[in-house]
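Novice: Generate a structure from the sequence data that follows.
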Amino acid sequence: MEVSVQARQADPLRWKALTVVCAAFFMTILDVSIVNVALPSIEKALDFSRDNLQWVITAYAITYGGLLLLAGRLADLYGRRRLFMIGVVIFSIASLFCGLAWS
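Specialist: Alright, predicted model coming up:
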């Protein structure tokens, strides 16, 4: 069976897409790391016990997972690329505001 020349050529935009996906994944990992780094401050400021700090991480993970499911369904309805870009923009703006917060 012979494969056509056009089928063998890879999409030239694949590296750009990979870069965008890797950057979005890096932002997600960075956000989770920030929550873990902030735990001692949360413990001190809110007088949380060590046991209750686990609930902070659990609540973050459940919220993140629930919103991820919702975003997946919305992507099916409105288009994956459009929703991905909207999500990255919203996430970036929210992360910027959190980074600029004084306390």
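Novice: could you measure residue 93 against residue 51, distance?
Specialist: Between residue 93 and residue 51 the computed distance is 34 Å (C-beta to C-beta, to the nearest Å). (C-beta placed from N, C-alpha, C; glycine too.)
Novice: Compare the two (neighbour count), which wins?
Specialist: Using other C-beta atoms under 10 Å as the criterion, residue 93 and residue 51 rank with residue 93 on top: 10 against 7.
Novice: and the host helix or strand of residue 44, what other elements does it pack with?
Specialist: Residue 44 is located in helix 14-46, with elements delineated by DSSP states H and E. When contacts are defined as 3 or more C-beta pairs under 8 Å, 6 or more residues apart in numbering; DSSP states H and E, helix 14-46 packs onto helix 50-78, helix 80-100.
Novice: Could you tell me the angle between it and helix 50-78?
Specialist: If you take axes from the mean of the first three to the mean of the last three C-alpha atoms, to 10 degrees, helix 14-46 sits at 150 degrees to helix 50-78.
Novice: confidence score at residue 81?
Specialist: Residue 81 is assigned 88 on the pLDDT scale.
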